[in-house]
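Asker: Build the 3D model from these lines:
(one chain, ligands or ions: 2)
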Amino acid sequence: KWGQLRQRLLKTVGQNNYTTWIEPLEFEHLEDGVATFSVPTNFMGNYVSQNFADLILYELNTAGAKVQRVSFQVAANTSKRPSPRVVSSKADESVEQATTTPLDALQAAPLDARFTFDSFVVGKPNELAHAAARRVSEGGPVTFNPLVLYGGVGLGKTHLMHAIAWELRARKPDLNVLYLSAEQFMYRFVQALRERKMMDFKVLFRSVDVLMVDDVQFIAGKDSTQEEFFHTFNALVDQNKQIIISADRAPGEIKDLEERVKSRLQCGLVVDLHPTDYELRLGILQTKVQQYRGSYPGLEIADGVLEFLAQRISTNVRVLEGALTRLFAFASLVGREIDMELTQDCLADVLRASERKITVEEIQRRVSEYYNIRLSDMIGPKRLRSYARPRQVAMYLAKQLTSRSLPEIGRRFGGRDHTTVMHGVKRIEELKLIDGQIAEDVEMLRRALEA
Ligand code: ADP
Ligand code: MG
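Answerer: Numbering: from 1, shown residues only. Ligands and ions are numbered 1, 2, ... in the order given. I've put the predicted structure just below:
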């Protein structure tokens, strides 16, 4: 198998690269989705890993092998073959996700017809991102480049990008607007390498007027893809072509993204989509209901249901939409009005999953209020009984009501050790059995926190 693959690699990388870098590779084994090759030197391992790992991985998978990553090891002495030392697997580790996506996602990045500005509900958390998106969608002179939209999952990044693309197509049909995910960018790049069409690739990407790359965090750690992205980016900015990028966090916080790429991304306008607030969620629900009315005529929604959903399902809009879709489908099936009872029945699992999470900070605040001490004294170093006891109660509740580990809790109590937290938790458990007052305090606090 490796023999055939080598032939394909030879075609792709050319004779020189092949002789220098690919030929000396020895296939070692394939285990748990990791294909291991041995290389003669450390330097070679690094070089191959940075420059050819994506390609080798791609070829392996195209040939039908189920490989998630490739790893290169130095065989210290090739004749005896002692246990090889791992040189670098960082670059290829991160290609992992890529291999699980079907390759046919490669060519087109179709725009979702529902993702327009008309259907995008604007509120405080997203008004800046929306305004910036509107501005670039006018297709006027480039004022900020790139535009970077970032924010958590389901907050509307892809929706806004598609909306920009639709709007540009309508307003400026002559502009060459290219929208694709960072993942598709990588696949096109690797395919170009493989088919020896790098020139075509470069020409294609340098001829667009507006380039939109969604979920750019995907290329973090994929060195050769990042490199190509960087060059594409620079070439377009030099020509004053608009670039629009989205990411799941601020560019500066994307791990394994090269510094130079980070700093390029930060050069333009970086705006974030904040988690939704109640008003925005309610607005989105009301808009969606209007849309659904078309498909489910005659369906009624009782007062308070949308408010309830907006209250209870926080942050992720996708989940909110899913809940509403389910509700409509369910109600029309059973022929009932959408009231609170139906909502509770139909969405029990969603509602449970999005139950309010209690934080350690909240516990500390409540407990210090309850015992009438200052928050700083609860967290601080003082050992007086009047502080130490409430502190232990708070630690106990933190352990009971949050999913934080002992070290994590300790850190939130002024950097205390996890053994201190464990001791505190134990102490309260003992006291609850013998001291009625403590037992009652803990119970009261728990109820207040869970309300
Ligand atoms: P992201 O790309 O940030 O993960 P999406 O853009 O895919 O999120 O949004 C998830 C879903 O939520 C989509 O169906 C989208 O239409 C919807 N959505 C998100 N924000 C809004 C909004 N402000 N108004 C209307 N729909 C929204
Ligand atoms: Mg998205």
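Asker: So which bits of the stretch 151-300 of the chain are right by ligand 1?
Answerer: 151, 153-159, 284 (Cβ under 6 Å from any ligand atom). (Glycine included, C-beta is placed from N, CA and C.)
Asker: rerun at 5 Å
Answerer: Proximity of the stretch 151-300 of the chain to ligand 1 (Cβ under 5 Å from any ligand atom) is limited to residues 153-159, 284.
Asker: Helices along the stretch 201-350 of the chain, start to end?
Answerer: Assigned by DSSP state H, counting those that start in this stretch, the helices in the stretch 201-350 of the chain fall at 223-238, 259-265, 278-295, 305-312, 317-334, 340-346, 348-353.
Asker: The stretch 351-451 of the chain now?
Answerer: Counting by DSSP H, counting those that start in this stretch, the helices of the stretch 351-451 of the chain are 360-370, 375-379, 385-401, 406-412, 418-434, 436-450.
Asker: which residues touch the residue nearest to V319 when sequence neighbours are not counted?
Answerer: In this structure, V319 finds its nearest non-sequential neighbour in I313, 5.8 Å apart by Cβ to Cβ, 6 or more residues apart in numbering. By Cβ atoms under 8 Å, 6 or more residues apart in numbering, the contact set of I313 is 281, 319-320, 323, 350-351, 354.
Asker: Which of those residues sits closest to E31?
Answerer: Checking the contacts of I313 against E31 by Cβ to Cβ gives V319 as the nearest, at 37.7 Å.
Asker: Same list, the helices of the stretch 351-451 of the chain, but as CSV with mean neighbour count please.
Answerer: Output for these, formatted as CSV (neighbours: other Cβ atoms under 10 Å):
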stretch, mean neighbour count
helix 360-370, 18
helix 375-379, 16
helix 385-401, 21
helix 406-412, 18
helix 418-434, 16
helix 436-450, 14
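Asker: Nearest to R260 among these would be which one?
Answerer: R260 sits nearest to helix 406-412 of all those, at 33.7 Å, using Cβ to Cβ.
Asker: and that closest one, what does it pack onto?
Answerer: Helices and strands touching helix 406-412, by 3 or more Cβ pairs under 8 Å, 6 or more residues apart in numbering; DSSP states H and E, are helix 360-370, helix 385-401, helix 418-434.
Asker: Can you get me the centre-to-centre distance for the shortest one and its chain?
Answerer: Read it as helix 360-370. Offset of helix 360-370 from its chain centre (Cα atoms, centre = their mean, to the nearest Å): 31 Å.
Asker: got the CA positions of that helix in CSV?
Answerer: Coordinates of each C-alpha in helix 360-370 appear next as CSV, following Å, rounded to 0.1, in the frame of the first residue of the first chain:
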residue,chain,number,x,y,z
VAL,A,360,-18.8,29.1,42.9
GLU,A,361,-18.8,32.9,42.9
GLU,A,362,-22.5,33.0,43.4
ILE,A,363,-22.2,30.6,46.3
GLN,A,364,-19.5,32.7,48.0
ARG,A,365,-21.7,35.8,47.6
ARG,A,366,-24.8,34.2,49.0
VAL,A,367,-23.0,32.6,51.9
SER,A,368,-21.2,35.7,52.9
GLU,A,369,-24.5,37.6,52.8
TYR,A,370,-26.1,35.0,54.9
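Asker: please begin residue numbering at 3 from this point
Answerer: All set: I'll call the first residue 3, so the last point we hit is now helix 362-372.
Asker: ok, which residues in this structure are in contact with ligand 2?
Answerer: 159-160 (Cβ under 5 Å from the ion).
Asker: care to break the chain down by domain?
Answerer: Following automatic domain parsing, one gets these domains for the chain: 4-101, 107-275, 280-355, 362-452.
Asker: quick one on the thing from earlier: using TSV, lay out the helices and strands packed on helix 408-414 together with mean pLDDT.
Answerer: Output for the helices and strands packed on helix 408-414, formatted as TSV (pLDDT from 0 to 100):
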stretch	mean pLDDT
helix 362-372	92
helix 387-403	93
helix 420-436	94
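Asker: Could you dump these into CSV and include distance to K68?
Answerer: Formatted as CSV, those follow (distance: least, Cβ to Cβ, whole Å):
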stretch, distance to K68
helix 362-372, 42
helix 387-403, 42
helix 420-436, 40
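Asker: quick one: which of the ones you listed is nearest E343?
Answerer: Closest of the helices and strands packed on helix 408-414 to E343 is helix 387-403, at 28.9 Å (criterion: Cβ to Cβ).
Asker: Just want the angle from the closest one to helix 438-452.
Answerer: Using axes from the mean of the first three to the mean of the last three Cα atoms, to 10 degrees, the inter-axis angle of helix 387-403 relative to helix 438-452 is 50 degrees.
Asker: Please save the CA atoms from helix 387-403 in PDB.
Answerer: Provided in PDB are the C-alpha atoms of helix 387-403 (Å, rounded to 0.1, in the frame of the first residue of the first chain):
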ATOM      1  CA  ARG A 387     -13.700  31.000  63.300                       C
ATOM      2  CA  SER A 388     -16.300  33.600  62.300                       C
ATOM      3  CA  TYR A 389     -14.800  33.500  58.800                       C
ATOM      4  CA  ALA A 390     -13.500  30.000  58.600                       C
ATOM      5  CA  ARG A 391     -16.900  28.300  59.200                       C
ATOM      6  CA  PRO A 392     -18.800  30.200  56.500                       C
ATOM      7  CA  ARG A 393     -15.900  29.600  54.200                       C
ATOM      8  CA  GLN A 394     -16.200  25.800  54.800                       C
ATOM      9  CA  VAL A 395     -19.900  26.000  54.300                       C
ATOM     10  CA  ALA A 396     -19.300  27.700  50.900                       C
ATOM     11  CA  MET A 397     -16.700  25.100  50.000                       C
ATOM     12  CA  TYR A 398     -19.100  22.400  50.900                       C
ATOM     13  CA  LEU A 399     -21.900  23.900  48.800                       C
ATOM     14  CA  ALA A 400     -19.500  24.500  45.900                       C
ATOM     15  CA  LYS A 401     -18.600  20.800  45.900                       C
ATOM     16  CA  GLN A 402     -22.200  19.800  46.100                       C
ATOM     17  CA  LEU A 403     -23.800  22.200  43.700                       C
END
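Asker: So what angle separates the directions of it and helix 420-436?
Answerer: 90 degrees.
Asker: now, of the domains of the chain, which is deepest in the fold?
Answerer: Mean neighbour count (mean count of other Cβ atoms under 10 Å) peaks for domain 107-275 among these, with a mean of 18.
Asker: for the record, mean pLDDT for that one?
Answerer: For domain 107-275, mean pLDDT rounds to 91.
Asker: Distance check, the closest residue to Q288 other than its chain neighbours against V319.
Answerer: Of all residues not flanking Q288 in the chain, L308 sits nearest, at 6.4 Å (Cβ to Cβ, 6+ apart). Distance from L308 to V319, counting by Cβ to Cβ, to the nearest Å: 14 Å.
Asker: Pull up the gap between F220 and T227, please.
Answerer: 9 Å.
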